[in-house]
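Visitor: Quick one, what's the 3D model for this:
(2 chains)
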Amino acid sequence: MPGSIRASDTGRTPAAAGPRLGTGWRWWARRFLRNRVAPIGFVIIFASVVVAVTAPAIVPYDVRAMSPQDALTPPGGRYFFGTDEFGRDVFSRVLLGSRVSLVVALFSVLTAVALGTSVGLAAGYYGGWWDSVSMRAMDIIFAFPAILLAIAIMAVLGTSLFNLVIAIGIVYTPQFARVARAAVMGVRSLEFIDAARALGMGNARIIGRHVVPNVMAPMIVQISLSLSLAILSESALSFLGLGTRPPTPSWGNMLSDGRQLLELAPWNAVFPGLAIMIVVLGFNLLGDGLRDLLDPRLR
Amino acid sequence: MKGRWWLLLVVVALALPVMPVRAGPAGVTFTIGVDQEVVGLDPNLVTAFSSFRRIDFLYNKLVRYNDKLEIEPDLAESWEFPDPRTAIFRLRRGVKFHSGAEMTSEDVKFTLERVLDPATRAPGRSFIDVIKEIDTPDRFTVRVKMTFPLASLLSGLASANLSIVEKAAVQRHGNLQRNVAGTGPFMLAEWVPDNFMRLVKNPNYFRRGLPNFDTLIIRVIPDQASLLAGVRTRALDMATINQGPVIAAAKREAALNVIQKAGINLRIFAFNTSRPPFTDARVRYAFSFAIDRQAIVNTAEFGFATVSGPISAPTPWALPTTRFPSYTQNIARARALLAEAGHPAGFATRIVTSPTYEGGIAVAQVIQEQLRAIGVSATLETLEWGTYINRWVARDFDTMIELRGGDPDPDRFLYRTFHSTGGVNNFLFKDAAIDRLLERGRVNLEADARRPIYDELQRALIEAAPALFLYVPMETQILQAYVRGFKIIGNGALYLLEGATVER
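Guide: As a prediction, this is how the structure comes out:
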């Protein structure tokens, strides 16, 4: 966020249109808190990250330990969220499942950002044949339904946490490439870029110092929205048996197992389902809020 | 006036589509729900359980199993063994194929030769490959000569893979994957893959008066909970299910009839005995002590299964599992065996499994957890069904969860599974003593002589442990209360539905 402001001292940029605005973090915090939804999203995400980080220490039961005599115990009493067919504690598994969901979401989006932004920046800045070739490649990836592509990649690579990150990362790369390219095209022809070039700045420095900061705003919004999609993708793949391997709990594979028990023990599907819903809602609220906050036209 | 006339026409035109279409031929329609579509219908070629359950209605064998798992006549009226290497079958007269042609000894000879021909690649070949010569003294007699006496001959002939097909039809069509040329109680009328199959009553069926239904519809509904919902809403009259949670839910429903019988298919935990550390029998036997089979049954199958040894528990040949020391969980003994084999601290291994029922992912999870107690950390390789099958065929696994088709006769299952030359010995297991027992067991025709051999063999297989024998799942059908007279057979076959009636 300070990045998009720093660019403003070079001259007329989209982010600096209009009268001079406050730039300190207090000013941003005030605006953030005045936003109706972003703080709620932030609190949800912050809480889930705290849960994910501390989960191994706070879970009441070993998530792998089976106690057949307690199988399918309803929620309440010793088991806050009840137990599954193996007698494992659903509450502990939902808490620990947050780690897989968040880690996979975070790293797959980072992969997508790294790949997508590089491709998009280069395409937007240099244009020409590189633009055509790379953007058509992105179009090809875009043309596949996201889940289908992820399934195909998982089928080729095999199931593992690392491959899951790669698969989801590839699927979301084109979105970042497109966003980055569009943002770069917007600033490429502005005077401050010409000025920088006239002063003898190389392409790499221009991209690093002047272009990247200007594409940060739309990227941040895209990142927070993609995180929610990545969580859903991880769940979907694990649900289909292609993601996280048992006995590691993830919300997706818990939901998949719970589906069979929907009649006998609905808590097995309800709680991981709620967890997915809440975290996805959190990222969406945060993303929407950030978009309002960072969009210069809404200032 | 003119305007009204037009109006009347419009009303009639609109009403026409909603008026009841005249129903097809009146009669009783019975609808079954299953969760798997079949790839083909050629009885001599298919291998899937789901295909067998269709063939049950379309074809007959020379002999078949009744609901007590005893051999009874089917197309053969009677049979005799003039000497241990010869069998003579006398066929029913007047049996007609669906085409209207009469079934004769020529068709039987043709079917057996078709199965025996290596070019056919018939899965049932190993059941009858002792046959060296088939001749037909007359139109209704078949004489079979064998290279050595085979105790499980009748059991092999009772397999759906040995259903008798019409010679002329095979010659016309090449194979019968999409065509039916049987003698069974129902004839194929319509097949919409992945949706439904409509069978109609065979008016010439040789069991006079049967079947009691005019139309039999088999609907494919891939999700078992939806099968239960289908029975609940009366869209289905019967459904075949095997998932514990669905069975448990069905049993809570007072209006439904859940019938179950101990099955003969065997759930096993297979070792690749050519891969260390499973080359050492002590390691495999240690696993046998480390697991708690009843706990696996209770959690993975919701209790709807029976703990079993190498011979399916409900068959008369099976020794009680109390005779097997390793059937009582004994962690100390397991650790001692592992230490003896040079793995006092355990080791890491992998279990191949699949989310389908056959792939037994719940079983894999329980075993994975139980093995932690002896320091063995197992990783699950959860594979999509097609990949799972490929790995099975390629013998590419350390350990694997499987569901094996069992048989009422011990020879047919054990020989092809554990003999060093057995067709489905994908444990790559070789043991000269066990080979000898398997060979002796099959050539003795007298039950009294066979029994001690198979008793010894069962103990030997438990200790050599090419696989851990876990349990036999129950065969389960959910039926409407108005269905009468259906009998479930331990081998899962549905042909006794021909005698069932509905009293709606």
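Visitor: Whichever residue of the stretch 51-200 of chain B sits closest to chain A: neighbour count?
Guide: Using Cβ to the nearest Cβ, B:D194 is the residue of the stretch 51-200 of chain B that sits closest to chain A, at 18.8 Å. C-beta: built from backbone N, CA, C; applies to glycine. Each residue near B:D194 was counted by other Cβ atoms under 10 Å in any protein chain shown, and the total is 7.
Visitor: okay but it is in contact with B:E37, surely?
Guide: Yes. Contact status for B:D194 versus B:E37: in contact at 5.1 Å, counting by Cβ atoms under 8 Å.
Visitor: Please enumerate the shared neighbours of those two.
Guide: B:V220 (Cβ atoms under 8 Å, 6 or more residues apart in numbering or on different chains).
Visitor: Now do the helices in the stretch 151-299 of chain A.
Guide: Using DSSP state H, counting those that start in this stretch, the helices of the stretch 151-299 of chain A run over residues A:161-188, A:191-198, A:203-206, A:212-239, A:251-260, A:267-294.
Visitor: Dump the ones you listed to TSV, plus mean neighbour count and mean pLDDT.
Guide: Below are the helices of the stretch 151-299 of chain A laid out as TSV (neighbours: other Cβ atoms under 10 Å in any protein chain shown; pLDDT from 0 to 100):
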stretch	mean neighbour count	mean pLDDT
helix A:161-188	22	90
helix A:191-198	14	86
helix A:203-206	12	85
helix A:212-239	23	86
helix A:251-260	24	87
helix A:267-294	21	90
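Visitor: Need the three-state assignment for the closest residue to A:A180 other than its chain neighbours.
Guide: Closest residue to A:A180 apart from its sequence neighbours, by Cβ to Cβ, 6 or more residues apart in numbering or on different chains: A:G120 at 2.9 Å. Per DSSP: H, G, I helix; E, B strand; the rest coil, the secondary structure class of A:G120 is helix.
Visitor: Kindly report the same for B:T111.
Guide: helix.
Visitor: Show the contacting residues for residue 31.
Guide: Unless you meant another one, I'm taking chain A. A:L293.
Visitor: wait, I meant chain B there
Guide: B:L216, B:I217, B:I218, B:R219, B:A235, B:L236, B:D237, B:M238.
Visitor: go with 7 Å
Guide: Residues in contact with B:T31 (Cβ atoms under 7 Å, 6 or more residues apart in numbering or on different chains) are B:I217, B:R219, B:L236, B:D237.
Visitor: pLDDT wise, what is it at?
Guide: Looking at B:T31, its pLDDT stands at 96.
Visitor: one step back: what's the distance between the residue nearest to A:A180 and A:M154?
Guide: A:G120 sits 25 Å away from A:M154, going by Cβ to Cβ, to the nearest Å.
Visitor: what's the closest non-adjacent residue to whatever residue of the stretch 101-250 of chain A ends up closest to chain B?
Guide: With Cβ to the nearest Cβ as the measure, A:G241 is the residue of the stretch 101-250 of chain A nearest to chain B, at 4.4 Å. Once flanking residues are discounted, A:G241 sits nearest to B:P355: 4.4 Å by Cβ to Cβ, 6+ apart.
Visitor: since we're on that neighbour, how many residues are nearby?
Guide: Neighbours around B:P355, by other Cβ under 10 Å: 20.
Visitor: Backbone dihedrals for it, please?
Guide: Main-chain dihedrals, B:P355, degrees, to the nearest 10: phi -70, psi -10.
Visitor: who touches it in this structure?
Guide: With Cβ under 7 Å, 6+ apart, B:P355 has these contacts: A:G241, B:I361, B:T382.
Visitor: one step back: so what's the residue of the stretch 101-250 of chain A closest to chain B up against?
Guide: With Cβ under 7 Å, 6+ apart, A:G241 has these contacts: A:S256, B:P355, B:T382.
Visitor: now those residues in a markdown table, with distance to B:S99?
Guide: Converted to a markdown table, the contacts of A:G241 look like this (distance: Cβ to Cβ, whole Å):
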| residue | distance to B:S99 |
| --- | --- |
| A:S256 | 47 |
| B:P355 | 42 |
| B:T382 | 46 |
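Visitor: now, which of those sits nearest B:P137?
Guide: For those, the minimum distance to B:P137 (Cβ to Cβ) is 53.1 Å, reached by B:P355.
Visitor: And the pLDDT at the closest one?
Guide: B:P355 is given a pLDDT of 81.
Visitor: likewise A:L21?
Guide: Reported pLDDT for A:L21: 49.
Visitor: Same question for A:T13.
Guide: pLDDT, A:T13: 45.
Visitor: Same check on B:F49?
Guide: For B:F49, pLDDT reads 85.
Visitor: repeat for B:T399
Guide: pLDDT, B:T399: 97.
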